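Undergrad: just coords:
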């Protein structure tokens, strides 16, 4: 977060010997710490859900073998899986050192990611303006000015979504992106980048190489966030770099080369091969639905971007960033590569931050700014009361009945019996997303992954569906069990128990049943 304020006062005696300075936190340090505390508690209160099982499974596989992890959800090799990023490897190393499981590592990762995010926001806003309240207002706008319909997705920074995705790679990558933008903006706007600063000549190359390495790290941790990060970098350099001497061009070229080199050297997967992978495009089409309901309140920042363009020029960094982000999102819709819609959350940042910078201006305010402030306050209240309040208001103290975050069941009741690496046949929505996070494998993984050909994954899905079909024969089911070396069957309350299956336990909460199938000697354990 931003640096504190050192207050000087007249002192005497022993105090004078210590210099007489009294440290006082900045507004953002104070409110940022309170936000970190409240959101960490909110994150720990809400059961992990949705994609968390996939990320917990990644940690479990790395805990088993840090150098050659298996596929996150299947009894298959994991070479080429983009889930094995530097971020995940660090989580896996922590799990090996501490003995913690994947779910516990995710719980601890959330507050750490939030710290990276908050410090990055503070540093980036300081590049945009020295106004002390601007970072506080930017954080408020970023978490509340979304829409009046729930927007829940990895990489979305509203209060409700943060309760579920703080531990995800996307949250860490976005925090790094804010830091990268701050460092980029400082270098692009710093006259020292284009003049001699002493006997050493131009500003050292090492800073640009390190900045490029940071962008390369973002690319490896979360490639789609890297698209938005690169767009922001282009906007900041184009908007703030006023002189283009040969040395300056060379330094930015060095930063770009360092980013590509870092990404190319990662041994776990080829990040550049993902550019042509459309296996997850179809599932992201819904990101383009109900845009007004999910993001409409952020448009309160649109008049401010127009004002910034008029005051300076179209080269204003926030104006450029918003326009370029919109072009990327539009390309995703037109081309059918809907995965690019994942940057919609970061597309709102220029709107939200421009509004925050404007409302942090010192008083007295002209009439138009007072009207803008009133509209922003009303929008923030509307966003909080209609969508976001349930993230931080527990049901026990909720006087209204705010909509709460998802409340997914735990599968530790089943994991107590299923060995690590043993294969489970199931198609229950919660089970296929969560169970692998405890160590077991699934006959049919829930998500596409370049480490497993998508046609093979879909064939596995069909085999599981055929096994669970009430009309299947015992011989057909036995063939599926042998094919995938399955040991276990997890059924929803509405599914029929095969005659050869032996019930081991069941969940009192969901009614799901865990049964043993296949030959105990035919499974694999690790």
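TA: Thanks, I have it. Predicted model, so just to flag it, every value in this text is computed and none were measured.

Undergrad: can you tell me what sits against stretch 224-234?
TA: Here stretch 224-234 makes contact (Cβ atoms under 8 Å, 6 or more residues apart in numbering) with 155, 170, 173-174, 176-177, 180-181, 184, 215, 218-219, 320-321, 324-325, 328, 339-340, 342-343, 346-347. Glycine gets a C-beta too; all of them are placed from N, C-alpha and C.

Undergrad: would you mark the buried spots in it?
TA: 224-233 (16 or more other Cβ atoms under 10 Å).

Undergrad: neighbours of residue 205, how many?
TA: Residue 205 has 15 neighbouring residues, counting by other Cβ atoms under 10 Å.

Undergrad: shouldn't it be in contact with residue 254?
TA: Yes: contact status for residue 205 versus residue 254: in contact at 6.0 Å, counting by Cβ atoms under 8 Å.

Undergrad: where does the stretch 351-500 of the chain have low pLDDT?
TA: Counting by pLDDT under 70, the stretch 351-500 of the chain contains no low-confidence range.

Undergrad: low-confidence stretches in the chain?
TA: In the chain (pLDDT under 70), the answer is 1-21, 190-203, 519-526.

Undergrad: elements contacting the lengthiest helix in it?
TA: Longest helix in the chain by number of residues (criterion: DSSP state H): helix 102-128. The helices and strands touching helix 102-128, judged by 3 or more Cβ pairs under 8 Å, 6 or more residues apart in numbering; DSSP states H and E, are helix 27-45, helix 52-64, helix 86-98, helix 134-144, helix 169-189, helix 349-359.

Undergrad: quick one: that helix to helix 52-64, angle?
TA: Note on geometry: by axes from the mean of the first three to the mean of the last three Cα atoms, to 10 degrees, helix 102-128 and helix 52-64 are set 110 degrees apart in direction.

Undergrad: from the chain's centroid, how far away is helix 102-128?
TA: Between the centre of helix 102-128 and the centre of its host chain there is 10 Å, according to Cα atoms, centre = their mean, to the nearest Å.

Undergrad: repeat that for stretch 430-438.
TA: Worked out by Cα atoms, centre = their mean, stretch 430-438 lies 20 Å from the chain centre.

Undergrad: residues of stretch 32-48 that come out buried?
TA: Neighbour-count burial for stretch 32-48 flags 32, 35-36, 39-40, 42-43, 46, 48 (criterion: 16+ other Cβ under 10 Å).

Undergrad: pull the residues that contact it.
TA: Under Cβ under 8 Å, 6+ apart, the answer for stretch 32-48 is 1, 25, 56, 103, 106-107, 110-111, 114-115, 118, 122, 135-136, 139, 159, 162-164, 166-167, 391-392, 394, 405-410.

Undergrad: can I have the buried ones of these as a ChimeraX selection?
TA: Buried residues within those, by 16+ other Cβ under 10 Å, are selected in ChimeraX with:
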select :1,56,103,106,107,110,111,114,115,118,122,135,136,139,159,162,163,164,166,167,391,392,405,408,409,410
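
Undergrad: show me where the stretch 251-400 of the chain has its helices.
TA: 291-295, 302-311, 317-335, 344-347, 349-359, 367-383 (DSSP state H, counting those that start in this stretch).

Undergrad: for residue 484, find the nearest of the ones you listed.
TA: Closest to residue 484 of the helices of the stretch 251-400 of the chain, according to Cβ to Cβ: helix 317-335, at 35.1 Å.

Undergrad: okay, the angle between that closest one and helix 102-128?
TA: 130 degrees.

Undergrad: hmm, who's touching helix 317-335?
TA: Residues outside helix 317-335 that contact it (Cβ under 8 Å, 6+ apart) are 128, 185, 227-228, 231-232, 234-236, 238-240, 284, 288, 305, 308-309, 314, 337-341, 343-344, 346-347, 349-351, 353-354.

Undergrad: for stretch 246-265, same thing?
TA: With Cβ under 8 Å, 6+ apart as the test, stretch 246-265 has contacts from 187, 193-194, 202-203, 205, 208-217, 219-220, 237, 241, 271-272.

Undergrad: mind checking the SS state of the nearest residue to residue 501 once chain neighbours are set aside?
TA: Excluding its sequence neighbours, the residue lying closest to residue 501 (Cβ to Cβ, 6 or more residues apart in numbering) is residue 515, at 3.9 Å. With DSSP: H, G, I helix; E, B strand; the rest coil as the basis, residue 515 sits in strand.

Undergrad: my read: residue 515 touches residue 489, true?
TA: Yes: judged on Cβ under 8 Å, residue 515 makes contact with residue 489 at a distance of 4.6 Å.

Undergrad: between those two, who's got more neighbours?
TA: residue 489 (27 against 18).

Undergrad: confirm that one sits in a strand?
TA: Yes: under the criterion used here (three-state DSSP), residue 489 sits inside a strand.

Undergrad: now for it: which residues touch it?
TA: 424-426, 498, 501, 514-517.

Undergrad: mind putting those into TSV with distance to residue 87?
TA: Formatted as TSV, the contacts of residue 489 follow (distance: Cβ to Cβ, whole Å):
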residue	distance to residue 87
424	27
425	31
426	28
498	41
501	39
514	32
515	37
516	36
517	36
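
Undergrad: quick check on the contacts of helix 317-335: which are buried?
TA: For those, buried by 16+ other Cβ under 10 Å: 128, 185, 227-228, 231-232, 235-236, 239-240, 284, 305, 308-309, 337-341, 343-344, 346-347, 349-351, 353-354.

Undergrad: can you list the buried residues in stretch 286-305?
TA: So stretch 286-305, judged by 16+ other Cβ under 10 Å, has buried residues 287, 294-298, 300-301, 303-305.

Undergrad: centre of the chain to that stretch, how far?
TA: 20 Å.

Undergrad: repeat that for stretch 22-38.
TA: Worked out by Cα atoms, centre = their mean, stretch 22-38 lies 23 Å from the chain centre.

Undergrad: reformat the helices of the stretch 251-400 of the chain as a markdown table; add distance to residue 494.
TA: Putting the helices of the stretch 251-400 of the chain into a markdown table (distance: least, Cβ to Cβ, whole Å) gives the following:
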| stretch | distance to residue 494 |
| --- | --- |
| helix 291-295 | 32 |
| helix 302-311 | 48 |
| helix 317-335 | 37 |
| helix 344-347 | 36 |
| helix 349-359 | 44 |
| helix 367-383 | 38 |
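
Undergrad: compare those and give me the one nearest residue 493.
TA: Here helix 291-295 is closest among the helices of the stretch 251-400 of the chain (Cβ to Cβ), at 33.0 Å.

Undergrad: who touches stretch 69-83?
TA: Identification of contacts with stretch 69-83 by Cβ under 8 Å, 6+ apart yields 54-55, 57-58, 61-62, 64, 68, 84, 92, 223, 268-271, 273-274, 421, 423, 436, 441-447, 449-452, 460, 484-485, 524, 526.

Undergrad: please pick the buried ones from these.
TA: Buried among the contacts of stretch 69-83 by 16+ other Cβ under 10 Å: 54-55, 57-58, 61-62, 64, 84, 92, 223, 268-269, 271, 274, 421, 423, 436, 441-447, 449-452, 460, 484-485.

Undergrad: state the distance from the residue nearest to residue 266 when sequence neighbours are not counted to residue 81.
TA: Leaving aside its chain neighbours, residue 266 sits nearest to residue 220 (5.3 Å; criterion: Cβ to Cβ, 6+ apart). Separation of residue 220 from residue 81 (Cβ to Cβ, to the nearest Å) stands at 13 Å.

Undergrad: now do the contacts for the residue positioned nearest the centre of the chain.
TA: The residue lying closest to the centre of the chain (Cα atoms, centre = their mean) is residue 170, at 2.2 Å. Residues near residue 170 by Cβ under 8 Å, 6+ apart: 154-155, 222, 224-225.
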